[in-house]
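Student: Here you go, sequence then predicted model.
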Amino acid sequence: MSYSYFADYYDVLTGNVDYRAKADYCMQLLERHGHHAGLTLDLACGTGSFTIELKKRGIDVMGADMSADMLSQAQMKAAQHGYQILFICSKMQELELYEPVDTCICTLDSVNHVTSKKELTAAFCHIADGLKEDGLFVFDANTVYKHREILGDQCYIYDLDEVFCAWQNNYQERTNKVIITLDFFESQGSLYTRTGEQFAERAYTHEEMAVMLGAAGLETEAIYDDMTFDPPKLDTQREIYVVRKKKHE
């Protein structure tokens, strides 16, 4: 899955995301946990909007994503801001860094896109290997509640100036997985060009996350409701995990 067509419309379809607020929140979160950002990896950085917000705050940041098309957009965006940022093309379950980082941040439910427990455990192991001892890994994840009650089998239509998008979900209850099919229609004069993508997201329980993180040598310090420092509720749609790499005894 390359997200090649999705990359062309990603910024348009996520125009409601407040990356500035997310970056401010992450800075507050790191301070709350007594952690200096240091060298930071924006994992699954997409088109780099969040990466650039971190850079604006003086963070020594690099980005990684599995999609070369997304990273091409990110590189152009960084250049427009006059920033030199290292971007790495890699799946998170195959991540290899040239030097360990102090902090890894992964936003916008990117971990949900890894739909196999084995693969997500491998991703957590690679992230742990890339962290310095006592390094912090912060990520958000869609909840089982959101997959079951909000995303479900819903369909959405985005009628935007740049593109017309039909978004269809197919919920699989046994695995808490949502199969997402996107059809893009772009105007070409009197005709429309149709392209499409299909991918899946899987929601994991706290217990499942704990097992996978523990296997990677990562300890959970806190789980928050999205963009707050409150504990998750029964109807929380996105949770923030703060986990730390265990110190060697």
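Tutor: Great, that's in hand. Not measured: the values here are computed from a predicted model.
Student: where does the chain have low pLDDT?
Tutor: Within the chain, the stretches with pLDDT under 70 are 1-7, 248-249.
Student: How is it partitioned into domains?
Tutor: Following automatic domain parsing, one finds the domains of the chain at 4-142+205-245, 146-202.
Student: Make a markdown table out of the ones you listed and add mean neighbour count.
Tutor: (Glycine included, C-beta is placed from N, CA and C.) Formatted as a markdown table, the domains of the chain follow (neighbours: other CB atoms under 10 Å):
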| stretch | mean neighbour count |
| --- | --- |
| domain 4-142+205-245 | 18 |
| domain 146-202 | 14 |
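Student: Who are the contact partners of residue 170?
Tutor: Residue 170 is in contact with 153, 178-181, counting by CB atoms under 8 Å, 6 or more residues apart in numbering.
Student: repeat that with 6 Å
Tutor: residue 179 (CB atoms under 6 Å, 6 or more residues apart in numbering).
Student: Tell me what it is bridged to.
Tutor: Taking DSSP bridges as the rule, residue 170 bridges to residue 179.
Student: So that it lines up with my notes, have the first residue be 24 from now on.
Tutor: Sure, I'll start numbering at 24, so the last one becomes residue 193.
Student: Help me confirm that residue 120 is found in a strand?
Tutor: No - counting by DSSP: H, G, I helix; E, B strand; the rest coil, residue 120 is not found in a strand; it is coil.
Student: State the distance from residue 50 to residue 80.
Tutor: 6 Å (CB to CB, to the nearest Å).
Student: for residue 209, that is, sorry about that
Tutor: On the measure of CB to CB, residue 209 and residue 80 end up 35 Å apart.
Student: same question, residue 212
Tutor: Residue 212 sits 44 Å away from residue 80, taking CB to CB as the criterion.
Student: Quick check: chain neighbours aside, which residue is closest to the spatially most central residue of the chain?
Tutor: A centroid search over the chain (CA atoms, centre = their mean) returns residue 133, at 3.0 Å, as the residue closest to the centre. The shortest distance from residue 133 to any residue other than its chain neighbours is 3.4 Å, reached at residue 67 (CB to CB, 6 or more residues apart in numbering).
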